[in-house]
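A.B. asks: Next one to model:
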Amino acid sequence: MRPYQIPDTKYQILMKYLHWDQKTITDFSDTAVSEMYEKGYVFTRLGKGVMHQTRSVRIDLSKFELSSENRRILKKVPGVMLSERKAPVADYDFRLGKMAKDFYDTKFGPGIMSAQKVKEMLTDASKSNFNLMLDFSDPEGHAICYAGPAMLHYSYPFYPLGSSPKDMGLGMMTKAAEWARSSGKRHIYLGSLQRPSDTYKLQFSGLEWFDGKAWQTDLDAVKKILSALSTS
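C.D. replies: Residues are numbered from 1 along each chain as shown. I've put the predicted structure just below:
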């Protein structure tokens, strides 16, 4: 993984993130964006149009069915309901930025996400690549996403860690997959596979991962890749 610097309002953050290539697009049509995602690129928060080619992971929703494990997770968060808001959001609340900052500080380390960056992603279309906010209630959670007619990129989830069930994150992801399928999407993109802990994303049926050249369905192969990272 190569380090790069993420520009932010008050400081620059040094963060490692797996990517093999970077492109900045200027054509934001649904067709052009979908073609980039098909080639393993995903939108980033680095700037308008900035995309990284990575070990992207997605679900082919035509093959997606809830497994017994998926159902077990959903039973852990039985009251969670999902609604959607288009971004830029008109009723942005500063509390969202604080919640996201606290979440990423705790999960990944201080300085990974600022409240200002969250506000920018949700309110400034000239700088943000993301056009959808998924809101979860009972308990509360949110996810900053990109949605096209045939795909959803479930990108930046967050929720109050101190007051949420242990399986809240995976429950939100499962709910988002169900929502994407019911909305007629062909794929939901779940980010990348870059850390050994990312194996939790592999529990969905219809899963595919990008190996740098093509989409693969051999989960044992990518498990070996991730397992090797824990000893590298």
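A.B. asks: any idea how far Phe94 is from Ser62?
C.D. replies: If you measure Ser62 against Phe94 using Cβ to Cβ, to the nearest Å, the figure is 40 Å. Backbone N, C-alpha and C define where each C-beta goes, glycine included.
A.B. asks: Actually, Met133.
C.D. replies: In this structure, Met133 and Phe94 are separated by 15 Å, where distance is defined by Cβ to Cβ.
A.B. asks: Can you list the helices and strands that the strand or helix carrying His153 packs against?
C.D. replies: Assessed by DSSP states H and E, His153 sits inside strand 151-158. Contacts defined by 3 or more Cβ pairs under 8 Å, 6 or more residues apart in numbering; DSSP states H and E place strand 151-158 against helix 30-38, strand 41-43, helix 94-108, strand 141-148, helix 168-182, strand 187-192.
A.B. asks: centroid residue for this protein?
C.D. replies: Ser155 (2.1 Å; Cα atoms, centre = their mean).
A.B. asks: Touching, Ser205 and Ser68? I think so.
C.D. replies: No. Here Ser205 does not reach Ser68: they are 11.1 Å apart, not a contact under Cβ atoms under 8 Å.
A.B. asks: circling back: possible to save the helices and strands packed on strand 151-158 as a markdown table with mean pLDDT?
C.D. replies: Written out in a markdown table, the entries for those read as follows (pLDDT from 0 to 100):
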| stretch | mean pLDDT |
| --- | --- |
| helix 30-38 | 98 |
| strand 41-43 | 98 |
| helix 94-108 | 95 |
| strand 141-148 | 98 |
| helix 168-182 | 97 |
| strand 187-192 | 97 |
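A.B. asks: For the protein, which residues score under the pLDDT cut-off?
C.D. replies: The chain contains residues with pLDDT under 70 at 1-16, 231-232.
A.B. asks: my guess is Trp215 meets Trp209, correct?
C.D. replies: Yes. Using Cβ under 8 Å as the test, Trp215 is close enough to Trp209 to be in contact (7.1 Å).
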